[in-house]
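Visitor: kindly return the folded structure for what I paste below:
(chains A, B, C, D and E)
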Amino acid sequence: MFGWGVLKGMLVTLWNFLLTYLWPKKGIFTVQYPEKKLPLAQRYRNFPFLVYDGTPHMIRCVACKICESECPPKCIYIIPEKDAEGRVQKKPAVFDIDYAICMNCGLCEEVCPFDSIFMDHEYEISKYNRAEDLMVRKEALLKPWEYFAKIRPHDFERIEAKRAAKSAKAKPVAPAEKPSQKPDAGPTSPQQGSVPKNG
Amino acid sequence: MAETIDQIFVLAKDRFLDLLGIVLPDWIILLVRILISIAVLLAVAPVVMMYMTWLERKVLGRIQNRYGPNRVGIFGLLQPIADGIKMLTKEDIVPKNADQVIHFLAPVVIVIAPLLVLAVLPFGRNMIAADLNVGLLFFLGVSTFGVIALFMGSWASRNKYSLLGGMRAFAQMISYEIPMVLSVVPVILVTSSLSTAAIVEAQLGWKWFIFTPWGGFAALVFFLCGVAEVNRTPFDLPEAESEIVAGFHTEYSGMKFALFYMAEFISTFAISGLAVTLFLGGWDGPAFLPSWFWFGLKTFILILIMIWFRGTLPRFRVDQLMGFAWKVFLPFTLANIFIAALWALLPYPKNFIADTIGITVILTLLQIFNRKETPKKRKYLYAN
Amino acid sequence: MSLPCAPTLKTELLEVSIGPQHPSTHGVFRMNAVLDGETVVKLKPVMGYLHRNHEQIAETLPYLANMPYTDRLDYICSMTNNFAYALAVEKLAGIDVPERAQYLRVMMAELTRLVNHSLLIGFLLNDLGAWFTPVFYAFREREKILDFFEAVSGSRMMCNYFRFGGVKADLPESALDQVRRIVRDYPRFLDEFERLLAGNEILKSRCQRVGILPKELAVNASITGPMLRASGVNYDIRKADRYSIYDRFDFRVPLGMTGDVYDRYYVRVLEMRESVKILEQVLKQMPEKGDILSAKGLQACRAPRMWKPPAGDAYGRIESPKGELGFYLVSDGSPKPYRYHVRPPSFINLTVLEDLCIGQKIADAVIILGSIDIVLGEVDR
Amino acid sequence: MNIQEIKDDLIKAIPNLPLEVEGSSFVIPKEKFLSVARFFKESPKYSMDYVSCITAVDYPAKECLESVNHLYSMQKKQGPVVLKVRVPKENPRMPSLTALYRGAEFQEREAYDLFGIIYEGHSDLRRILLWDEFEGHPMRKDYVSEDQEL
Amino acid sequence: MEILYFFAKTGFYATALVTLAAAILVVTLRNLFHCALALILSLLGVAVTYLYLKAEFLAIIQILLYIGAIMTLLIFAIMLTHRLTDRSVSQTNRQSLPAFALLAVFNIFFIASLAAVPWKINSASLAAKIDTQALGAFLMGPYVFPFEIISIVLIIALVGAVILGRTDQ
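Guide: Sure, this is the predicted structure:
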């Protein structure tokens, strides 16, 4: 009979209609955003942020500009600090990330040899002016290491273990090690090692 | 007590008129009596329309596993008012080479037909605005007026999409008007009167026409033609969003667009009201609830079915739409008149048998003649 | 006895541009249609509104820096774009891929196929007029898969998850039972989808015998993907090339008989069922432990701007949900590709759009375009 | 389907063909291009009925534009045969494959649009991605875009 | 009460005036689509006059048939023929003078014959009200033969239209 398939289809919509009342947990799949928010996965990546240990001027970044050359849309801009005599210090004076151009691909986090730049979980960052507000300066980028531990515990443990292993290896060799001018190309592996634990 | 609740509106109107009668001459009372029922209709219709848009968005939402508007007021009850204000404040764009006069006139004219038509619907026991003895014919006659206004809108906005929409609306309205009128003929034949109040009288005491064999199918055909008349899914060709952007009201914005919207929803309410009056026994229902409540409930259920259609069914193509009207509905309604005549003439046991035979014969005939169009089941083969 | 009929009415041909801003062109795509009343007389596709010269950008960036850009090609199935690009570079530089990474790759590709096909059917029904209900049901299932992608790669749609020689990171613990739940519930969703749509007479009468693509024209116009198989040509690159580890899974390739819009819709439903079968086998056969990036792969993505593949050219292709997605790379030994070309399936599947639409109604032209399944990011590059 | 075997069949089928083998692809002069393609399409052994990818590469060093065509066989599910044709940059004209394959239409128009190779015999050779009034061919190595912002 | 009668009278004259004005507009408007709408307005005026004469059935049949069916198809025809609705088509032609003369002559005879008819206006004929029941019986009674003939003529016209309009598939 002509209308049979149509009826079957309408029963499906009727069932979904009733399901939203009988069993809202399963029936409704939308979330009332401002009041309730969906939990983020640990590895969720939004725009990058810089990490400091303890106080903001103890910034971990050594201005080696690897992430600047590695970033596909070229949205990171670094000027290293210079002390009185003009010698380049291992601290960035200016570290801007243009949030308008950054496409949160996460490559900077992977290639950073000093674990100083990570992807954030903060996604409510809309601003009114694209030119000034979205060109985020160094001060705005800085976040404590504990913040990273809070948002991504798994990665935090893995990086801590790796840093502990590295510092243990560096201590017995020769404590007065000459600070290498330019970090060589192949420091420790980025995020995943050859035999990574279950990340 | 139940009697007073049932007649509460009629009594209120009479007492109000008696009050007025003291101070005003009696010929003005005559005028005021008519004006009151008109005023009530003009006030109730837009409110019903607004809360039908709210109902549609909530039910569609629930069908699609989401809530539907719930931000403006509790359960989104103030949403229609917010929409109304939005429509009022929206800028009203008129295309440059549009035909100014007709472009302005079309939304005005399109709202007249649905409002006029409400005058004839029996909302409750002797709660009918104008009890014409040609009530039903009045309904069908005036509802043809909408086609012209719709076409004025699409012709005046000088836009290819609205022209396509206008042409489609024309073809659809004309070809679905005839089966609609013909499907109503058996009801007139059985009640031998055109006045809607008389039709409801004939169905009092659960003797609704939908339970009779010919009435059930006639109600189905009438309801589907009503859906087509009102341009709702699955017959919403004239304003097919996915093909011709917004059909005849592409070039309208602001309050004019709201008027087109209002016309569509009030005529949905009117068509469901008429379907209830003709086949579902109008305001007839068990006495413990007032008569106007029963009319409202049945119309509400029919509107829900129309919204349910909108949430589920894809839309027809133009030639299938025409084919459906001319090759399926028209022959069926013609045969249905004959079957209804059989039902009216033969005594009780024989007429049911005769009707069922008649209906099965006509349905199988339709099935045979339309088998070229009916889609077939498909086979698929697997390769690896 | 030939009936005397009047000379045909001289009706005016209507020039309509179903323009870039149109509710059912799936993005910025224009069709210049010439209509005689409702039937289409001529239909010229116009594209290029979203052209950002992806290939020239790729020539200025090192190999790994292009990976996030491939997500933006066909932005509905980003994982399969990464897969094709990774395969091409691995063929160019001869990088091997460890076991567990191969299984992870196949799992991601098949999940993307589920996402793409259910979305397509939703939007095809939306063109037909079923007002967003199928789309919402498809979105409900897609959300579960996108949450899994977020847990694994960090982003729902722009995954950037594949690396040359493996994948970026391993599955977190919670992700594995997320996949099991998805694979267990999907057949139930497909049954519900079929009850809602497949039997629907209006859909059948609207889609059957509309836009029929004959077998020879399909092969000659190098149509690929479900659109080709709906016309009955048995050609699936997962079976033809046996790339990655697809030869370890037994799955069937559904073929249509007539090649009209209904076949293209139903072949995709059957393909989703086959993908679920593959996913079940992947979950069974996947090794528990195992590294996810081979040694050469690790060396390639430690310092992408200094990694130099050997000179030469390579053409890697996979069966993306829309058809054959291929990457042609020419390398001159420098860390930047000398020439980087994408063979996009939806761009080439559009060659037959005009042949299918001539003589059909305007409403059919819209659903034929919907059944071809184009995404403008891939068409315009 | 190794290269040597294909090379022998090709030489046997088409006499005095100046053929170079470069990696796994054949470099063919543009005069013989259509006959070679027809051979691969019609020969029962190969029956390459599906042109998968046609693209162009610009070699300013060798002063030539190279058009790369990948042919596959859908019936026999056989691997790619890659044909390369080199045309000088001054008048980059070469015969179009649309005579044999409808699939080449859009890809050749794109090669014309971005590289400037003129395909003779193509049904309607217009720009496909860029707007018609656009001068120059952006994918050439020597292309300098005039708007400063890029 | 007599104010009501006064309203009724002015109402009647107003509708008559509107009908006449619309009829003139039909002939004089430039854009053909506007003429069609003016024609609809005049037909509506005729329907209202029927209402004044208490012939409800006839009024609604007028709306249903004339406006609902005939005018709709007329507009359909206007829409299909393309060039007819341009401004350039000049509506008036040179024979307007002889036409007005002929019209004047015709009017004289028309009004003369109108005056000659003995209208039987008395209270009975005013009160008489034909309801649809009687009309139906009347149609099926003495006038059943012409009623059937008309339906046959309509069928023939319909079939002819289909044949003429059929494009040769």
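
Visitor: what's the closest non-adjacent residue to C:Pro20?
Guide: C:Val28 (4.3 Å; C-beta to C-beta, 6 or more residues apart in numbering or on different chains). Placement of C-beta: from N, CA and C, glycine included.

Visitor: D:Leu17: what's it in contact with?
Guide: D:10-11, D:28, D:32, D:36 (C-beta atoms under 8 Å, 6 or more residues apart in numbering or on different chains).

Visitor: and it, what pLDDT?
Guide: You'll see D:Leu17 listed with a pLDDT of 80.

Visitor: and it, how far from chain C?
Guide: 22 Å (C-beta to the nearest C-beta, to the nearest Å).

Visitor: try B:Gly215
Guide: Plainly put, B:Gly215 is 25 Å away from chain C if you go by C-beta to the nearest C-beta.

Visitor: same check on E:Val159?
Guide: 11 Å.

Visitor: the helix or strand hosting that residue close to chain B?
Guide: Secondary structure assignment for E:Val159, by DSSP states H and E: helix E:144-165. No - under the criterion of C-beta under 8 Å from any C-beta of the partner chain, helix E:144-165 makes no contact with chain B; the nearest approach is 11.6 Å.

Visitor: nearest spatial neighbour of the closest residue to chain D within the stretch 201-350 of chain B, chain-adjacent residues omitted?
Guide: Taking C-beta to the nearest C-beta as the measure, the stretch 201-350 of chain B has B:Val245 as its residue closest to chain D, at 24.1 Å. Spatial nearest neighbour of B:Val245, excluding adjacent residues (C-beta to C-beta, 6+ apart): B:Tyr161 at 4.8 Å.

Visitor: show me what contacts the one you found?
Guide: Applying C-beta under 8 Å, 6+ apart, the residues near B:Tyr161 are B:244-247, B:250, C:16.

Visitor: mark which of those residues are part of helices, please.
Guide: Among these, no residue falls in helices (DSSP state H).

Visitor: neighbour-wise, which of those leads?
Guide: Using other C-beta atoms under 10 Å in any protein chain shown as the neighbour test, the contacts of B:Tyr161 are led by B:Ile244, with 31 neighbours.

Visitor: need the pLDDT of that one.
Guide: 71.

Visitor: would you agree it is in contact with B:Ala169?
Guide: No - counting by C-beta atoms under 8 Å, B:Ile244 sits too far from B:Ala169 to count as a contact (10.8 Å).

Visitor: taking chain C, what residue is nearest to chain A?
Guide: Closest point on chain C to chain A, by C-beta to the nearest C-beta, is C:Gly199, at 3.1 Å.

Visitor: what's the burial count for that residue?
Guide: For C:Gly199, using other C-beta under 10 Å, the count is 17.

Visitor: ok, and the closest non-adjacent residue to it?
Guide: A:Gly5 (3.1 Å).

Visitor: what do you get for B:Glu243?
Guide: Going by C-beta to C-beta, 6+ apart, B:Glu243 has C:Ala363 as its nearest residue, at 4.7 Å.

Visitor: coming back round to it: list phi and psi for the residue nearest to B:Val245.
Guide: phi -60, psi -40 (degrees, to the nearest 10).

Visitor: may I have the predicted confidence score for it?
Guide: pLDDT, B:Tyr161: 79.

Visitor: and what of B:Leu132?
Guide: Confidence score, pLDDT, at B:Leu132: 83.

Visitor: before we move on, the earlier item: pretty sure the residue nearest to C:Pro20 sits in a helix.
Guide: No - secondary structure of C:Val28 (DSSP: H, G, I helix; E, B strand; the rest coil): coil, not part of a helix.

Visitor: now do the contacts for the residue in the stretch 51-200 of chain C that chain D sits nearest to.
Guide: The minimum distance from the stretch 51-200 of chain C to chain D, using C-beta to the nearest C-beta, falls at C:His51 (4.4 Å). By C-beta under 8 Å, 6+ apart, the contact set of C:His51 is C:380-381, D:129-130.

Visitor: mind listing the helices for the chain?
Guide: No chain specified, so I'll use chain A. Under DSSP H, chain A gives helices at A:4-22, A:24-27, A:66-70, A:107-111, A:131-134, A:138-141, A:145-151, A:153-173.

Visitor: ah, I was thinking of chain D
Guide: Taking DSSP H as the criterion, chain D carries its helices at D:3-13, D:33-42, D:104-115.

Visitor: quick one: the second one near chain C?
Guide: No - Helix D:33-42 does not reach chain C (C-beta under 8 Å from any C-beta); its nearest approach is 9.8 Å.

Visitor: ditto for the first one
Guide: No - if you take C-beta under 8 Å from any C-beta as the test, helix D:3-13 misses chain C, and the best it gets is 14.0 Å.

Visitor: can you redo the helices of chain D as JSON lines with mean pLDDT and mean neighbour count?
Guide: Shown next, in JSON lines, are the helices of chain D (pLDDT from 0 to 100; neighbours: other C-beta atoms under 10 Å in any protein chain shown):
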{"stretch": "helix D:3-13", "mean pLDDT": "85", "mean neighbour count": "13"}
{"stretch": "helix D:33-42", "mean pLDDT": "89", "mean neighbour count": "18"}
{"stretch": "helix D:104-115", "mean pLDDT": "91", "mean neighbour count": "25"}
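
Visitor: save the ones you listed as a markdown table, and put in distance to chain A too.
Guide: Formatted as a markdown table, these follow (distance: least, C-beta to the nearest C-beta, whole Å):
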| stretch | distance to chain A |
| --- | --- |
| helix D:3-13 | 36 |
| helix D:33-42 | 38 |
| helix D:104-115 | 21 |
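
Visitor: OK, contacts around the nearest residue to B:Ile8 once chain neighbours are set aside?
Guide: Take B:Ile8 and drop its neighbours on the chain: the residue closest to it by C-beta to C-beta, 6+ apart is B:Pro290, 7.2 Å away. Going by C-beta under 8 Å, 6+ apart, B:Pro290 touches B:2, B:5-6, B:8, B:124.

Visitor: which part of the stretch 151-300 of chain B gets nearest to chain A, residue-wise?
Guide: For the stretch 151-300 of chain B, C-beta to the nearest C-beta, closest residue to chain A: B:Pro234, 8.5 Å.
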